[in-house]
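Engineer: All I have is the shape, not the residue letters:
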Ligand code: SAM
Ligand code: SF4
Ligand code: SF4
């Protein structure tokens, strides 16, 4: 059977250079968008490349040997990333997550981590500095990441069964290697580790219960993520989404009762549950069936320096064009550009999707997850 894929439209080159506002004011440490949402979380994609070809993210049929990844000169360098991050932190960002592509493929990533770890929040605190990885290089890098100043880590793992895992990553990586990476990260002091499992109905949903069992009684927090309609290349269909309510039902039916836990903070993406008897935590991220746009305080910086105000945005704001402009714009000018973009933000794609799933599917041209990061 040949699967049908939607052709990839390259959204990366669109000209979206923001204007410098005429009136400039110093950042106050608090920004609010058009729907009253703050800005607390910045996700930075450090590479668009990956050594996996997860079927729900970078299907091999699209991301093949002819696929044009960004050239090195297009990527923001570490000084540029840190400069932008510093401005975001002055606007109230407290948490930075490095992502990709596979962030551990970016050369000298530890150096960037050390530069970001030196930033301080508006009230003088260290940042919550974290990273999402597929875990393939983690066993050898965990200690150097910790030494550089990383505070926490999220590792993606979609199955324990090697056949199913390889069907998901389509690159012959083994689950055992990822488990070794998780163990090394815990050993290095990067715990509690969050383990993300994307559930694609009919592909890896039989791994829900074995994964829950495996991580029960460990300090790691397993989170089940609904398969999302990000990008244009994964051929997403609603009937491949397994609702989180069903994930929870299956875990309980397998003899692992759960009790709900309050959110750590407003805007947390996962709904949290404890295994009865206090033997570990799980979470569910229900971006499709229970949209959580109302508290979304996340901004995303793409590998080539475009600012996206939503994971499902169809265009970004080209901050790199300003960073590299001969006019040498000041931090104050860049800060006001970012403030203006955030003030105008009205994104709530997932909520709208819930209302109009079919229409949105056909209308929107969205960027790829591997380009913008999760
Ligand atoms: N390569 C790293 C990794 O896989 O952890 C970081 C980047 S990846 C794009 C970030 C997260 O997005 C991963 O946890 C991945 O499983 C998730 N993801 C990618 N495509 C997705 C989709 N279509 N639906 C839900 N989650 C997705
Ligand atoms: Fe790579 Fe992560 Fe996307 Fe998988 S989910 S293809 S590991 S970027
Ligand atoms: Fe935030 Fe957009 Fe996701 Fe809604 S759809 S939670 S606005 S990133």
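Structural biologist: Alright, I've got the coordinates. Given the structure is predicted, the values throughout are model-derived calculations rather than measurements. Ligands and ions are numbered 1, 2, ... in the order given.

Engineer: Report the separation between the residue in the stretch 151-300 of the chain that ligand 2 sits nearest to and residue 242.
Structural biologist: Minimum separation of the stretch 151-300 of the chain from ligand 2 (Cβ to the nearest ligand atom) falls at residue 156, amounting to 5.9 Å. For glycine as for every other residue, the C-beta is placed from the backbone atoms N, C-alpha and C. Computed as Cβ to Cβ, to the nearest Å, the residue 156 to residue 242 distance reads 17 Å.

Engineer: anything in the helix or strand where residue 300 lies near ligand 1?
Structural biologist: Counting by DSSP states H and E, the element that carries residue 300 is strand 298-301. No: applying Cβ under 6 Å from any ligand atom, one finds strand 298-301 separated from ligand 1 by no less than 11.0 Å.

Engineer: Moving C-terminal from that strand, which element do we reach first?
Structural biologist: The helix or strand immediately downstream of strand 298-301 is strand 306-308, counting by DSSP H and E.

Engineer: if we look at that following strand, which residues are touching it?
Structural biologist: When contacts are defined by Cβ atoms under 8 Å, 6 or more residues apart in numbering, strand 306-308 is touched by residues 12, 16, 299-302, 316-320, 338, 341, 367, 372.

Engineer: Repeat the analysis, applying 10 Å as the threshold.
Structural biologist: The contact list for strand 306-308 (Cβ atoms under 10 Å, 6 or more residues apart in numbering) reads 11-12, 14, 16-18, 42-43, 45, 76, 84, 88, 298-302, 313-321, 337-338, 341-342, 347, 367, 371-373.

Engineer: Flag the helix or strand of this structure with the lowest per-element mean pLDDT.
Structural biologist: Across the helices and strands of the chain, mean confidence by mean pLDDT, DSSP states H and E is lowest for helix 349-363: a mean of 66.

Engineer: Run through the neighbouring helices and strands of the next helix or strand after that one.
Structural biologist: Counting by DSSP H and E, the next helix or strand C-terminal to helix 349-363 is helix 369-372. Packing contacts for helix 369-372, counted by 3 or more Cβ pairs under 10 Å, 6 or more residues apart in numbering; DSSP states H and E, involve strand 41-45, strand 95-99, strand 306-308.

Engineer: how about CSV for those strands, with mean neighbour count added?
Structural biologist: Shown next, in CSV, are the helices and strands packed on helix 369-372 (neighbours: other Cβ atoms under 10 Å):
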stretch, mean neighbour count
strand 41-45, 24
strand 95-99, 23
strand 306-308, 24
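
Engineer: which bits of the stretch 151-300 of the chain sit near ligand 2?
Structural biologist: Close to ligand 2, as judged by Cβ under 6 Å from any ligand atom, the stretch 151-300 of the chain has residues residue 156.

Engineer: What residues does the nearest residue to residue 199 once chain neighbours are set aside make contact with?
Structural biologist: Leaving aside its chain neighbours, residue 199 sits nearest to residue 242 (4.8 Å; criterion: Cβ to Cβ, 6 or more residues apart in numbering). By Cβ under 10 Å, 6+ apart, the contact set of residue 242 is 199-205, 208, 224, 226-227, 250, 288-289.

Engineer: So which bits of the stretch 201-350 of the chain are right by ligand 1?
Structural biologist: 225, 227, 228, 230, 234.

Engineer: nope, the stretch 51-200 of the chain is what I meant
Structural biologist: So the stretch 51-200 of the chain meets ligand 1 at 56, 57, 99, 100, 102, 132, 133, 134, 156, 196, 198 (Cβ under 6 Å from any ligand atom).

Engineer: Number of residues surrounding the residue lying closest to the third one once chain neighbours are set aside?
Structural biologist: Counting by Cβ to Cβ, 6+ apart, residue 99 lies nearest to residue 373, which is 3.0 Å off, once chain neighbours are set aside. The number of residues packed near residue 373 is 24, by other Cβ atoms under 10 Å.

Engineer: now for the strand holding residue 300, which elements pack on it?
Structural biologist: Contact here means 3+ Cβ pairs under 10 Å, 6+ apart; on that basis strand 298-301 packs against strand 41-45, helix 78-90, strand 95-99, strand 306-308, helix 331-343.

Engineer: what packs against the last one?
Structural biologist: Meaning helix 331-343. Against helix 331-343 (3+ Cβ pairs under 10 Å, 6+ apart) you get helix 78-90, strand 298-301, strand 306-308, strand 317-318, helix 319-323.

Engineer: would CSV of these with distance to ligand 3 be doable?
Structural biologist: Formatted as CSV, the helices and strands packed on helix 331-343 follow (distance: least, Cβ to the nearest ligand atom, whole Å):
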stretch, distance to ligand 3
helix 78-90, 16
strand 298-301, 6
strand 306-308, 8
strand 317-318, 15
helix 319-323, 18
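
Engineer: Quick check: the residue nearest to residue 199 vs residue 211, distance?
Structural biologist: Residue 242 is 13 Å from residue 211, by Cβ to Cβ.

Engineer: got it, and residue 128?
Structural biologist: Taking Cβ to Cβ as the measure, residue 128 falls 25 Å from residue 211.

Engineer: neighbour-wise, which of the two wins?
Structural biologist: Of the pair residue 128 and residue 211, residue 211 is the one with more neighbours under other Cβ under 10 Å, namely 23 against 15.
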